[in-house]
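Asker: Generate coordinates for the sequence data below:
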Amino acid sequence: MPIKSRQKTAKAKLQPNMGIVKIAGIQMASGPHVSANLSEAERLIEIAATQGAKLIALPENFAIMGLKDTDKVKVREKEGTGQIQRFLAKMAKKHQVWLIGGSVPMECDDADKVRTSCLVYDPSGKLAGRYDKIHLFNLDLGNEHYHENDTIEPGDKVVVLDTPVGRIGLSICYDLRFPELYRAMGDVDLIVIPAAFTDTTGKAHWETLVRARAIENQCYVLAPAQGGYHLSGRETHGNSMIVDPWGVVLDRLPRGSGVVISGMNPAYQESLRKSLPALQHRTLKKC
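Answerer: Down below sits the predicted model:
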């Protein structure tokens with residue numbers, strides 16, 4: 001399936017003289033009950049907003065980590081309606097923030113599957129962007145077996161948003177392993193990578209890959225994650241992070257529910273890109 005490009009614009013792009021903007025990531029250990037997960041997300045969003053965050057991102061599967069993979073199909077929503085989407089719109093408007101719902105199970109043509117969709121809401125509570133996860137996780141390692149393609153229909157569009165917080169590229173979890181996706185975004189100020197990495201793969205690769213995406217794209221990376229034990233028996237790695245364009249981890253949370261928060265400094269990012277103009281030195285732009 002060819003990957004298409006989709007870009008939406010919302011207000012003005014972040015400028016180097018705008019000053020530092022706070023961004024935050026939420027870490028959770030979600031369970032099978034949507035209402036309980038939304039209550040926990042609400043508590044953590046309020047903490048982040050109280051600390052001054054203007055953009056807040058939730059992890060992948062924040063609303064449901066079911067006992068079975070098929071549980072998410074039962075609560076999938078049509079765009080514009082549903083409990084999870086109403087919650088995201090309400091929280092964005094209440095706290096006057098850009099709110100990124102790491103992933104929401106959305107309807108697709110196949111009645112037995114979902115689209116895993118990253119939904120972005122502006123401070124008025126309006127849906128400003130949607131990215132459907134392109135790369136689907138498949139793992140058979142020891143006693144761990146994951147086959148997302150059994151219950152998820154992949155997306156095929158690269159999504160970038162221009163917002164007052166900056167130019168944002170959207171991705172989800174397993175996408176992290178495919179640097180060509182991020183190159184297809186062009187120059188961005190921030191990459192968001194909501195995730196639910198397994199503890200096994202997370203220990204081996206999570207931090208290395210997150211920091212690499214920041215370094216090679218000379219941008220900030222916000223990576224909110226699931227982190228802990230789930231009722232299904234699954235263990236997720238956590239280690240939610242905010243990383244700067246030099247690859248420095250600005251904040252992290254190893255395990256459990258909580259918030260990571262830090263500032264995006266556009267002047268600093270601009271100075272790095274001028275000092276080391278690696279993005280301008282690319283020669284293999286198309287293969």
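Asker: wait, doesn't residue 132 sit right on residue 154?
Answerer: Yes - using Cβ atoms under 8 Å as the test, residue 132 is close enough to residue 154 to be in contact (7.3 Å). For the C-beta atoms, the positions are set from N, CA and C on the backbone; glycine is no exception.
Asker: Looking at those two, which is more packed in?
Answerer: residue 132 (22 against 17; other Cβ atoms under 10 Å).
Asker: any idea how far that one is from residue 114?
Answerer: 10 Å (Cβ to Cβ, to the nearest Å).
Asker: Quick check: neighbours shared by these two?
Answerer: residue 106 (Cβ atoms under 8 Å, 6 or more residues apart in numbering).
Asker: A strand includes residue 47, no?
Answerer: No - the assignment for residue 47, made by DSSP: H, G, I helix; E, B strand; the rest coil, is helix rather than a strand.
Asker: Quick check, pLDDT for it.
Answerer: pLDDT for residue 47: 98.
Asker: which residue packs closest to it, ignoring adjacent ones?
Answerer: residue 259 (5.2 Å; Cβ to Cβ, 6 or more residues apart in numbering).
Asker: Listing partners with orientation, what would you give for the strand or helix carrying that neighbour?
Answerer: Using DSSP states H and E, the element containing residue 259 is strand 258-264. According to DSSP bridges, strand 258-264 has the following sheet partners: strand 21-27 (antiparallel).
Asker: Run through who's touching stretch 63-71.
Answerer: With Cβ under 8 Å, 6+ apart as the criterion, stretch 63-71 contacts 29-34, 37-38, 41, 72, 75, 84, 87, 101, 104-105, 112, 147-148, 150-151, 196, 226, 230-232, 234.
Asker: Buried ones from those residues, can you make that a PyMOL selection?
Answerer: Of the contacts of stretch 63-71, the buried ones can be selected in PyMOL as follows, counting by 16 or more other Cβ atoms under 10 Å:
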select buried, resi 29+30+31+32+34+37+38+41+72+75+84+87+101+104+105+148+151+196+226+230+234
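Asker: Among the contacts of stretch 63-71, name the ones in strands.
Answerer: Mapping those onto strands (DSSP state E) picks out 101, 104, 105, 147.
Asker: Spatially nearest residue to the most centrally placed residue in the chain, not counting backbone neighbours?
Answerer: For the chain, the residue sitting closest to the mean C-alpha position, by Cα atoms, centre = their mean, is residue 194 at 2.9 Å. Excluding its sequence neighbours, the residue lying closest to residue 194 (Cβ to Cβ, 6+ apart) is residue 102, at 2.8 Å.
Asker: so the one you found sits right up against residue 224, yeah?
Answerer: Yes - taking contacts as Cβ under 8 Å, residue 102 lies within contact range of residue 224: 6.2 Å.
Asker: and for the two, which residues touch both?
Answerer: Joint contacts of residue 102 and residue 224 (Cβ under 8 Å, 6+ apart) are 57, 58, 59, 194, 195.
Asker: Of those residues, just say which sits nearest to residue 97.
Answerer: residue 57 (10.2 Å; Cβ to Cβ).
Asker: residue contacts, the closest one?
Answerer: So residue 57 contacts 23, 24, 25, 26, 99, 100, 102, 192, 194, 222, 224 (Cβ under 8 Å, 6+ apart).
Asker: Run a quick neighbour tally on residue 185.
Answerer: Residue 185 has 20 neighbours, counted by other Cβ under 10 Å.
Asker: which SS state does it fall under?
Answerer: coil.
Asker: Nearest residue to it in space, please, no chain neighbours.
Answerer: Here the residue nearest residue 185, using Cβ to Cβ, 6+ apart, is residue 169, at 3.9 Å.
Asker: Across the sheet, point out what pairs with the one you found.
Answerer: residue 160, residue 191.
Asker: Over to residue 99?
Answerer: Beta-bridge partners of residue 99, as defined by DSSP bridges: residue 56, residue 121.
Asker: What is the neighbour count of it?
Answerer: Neighbours around residue 99, by other Cβ under 10 Å: 31.
Asker: How about residue 19?
Answerer: If we define neighbours as other Cβ under 10 Å, then residue 19 has 12 of them.
Asker: likewise the one 3 residues further on?
Answerer: For residue 22, the tally of surrounding residues (other Cβ under 10 Å) stands at 19.
Asker: what's it in contact with, if anything?
Answerer: 51, 52, 53, 54, 55, 261, 262, 263, 264.
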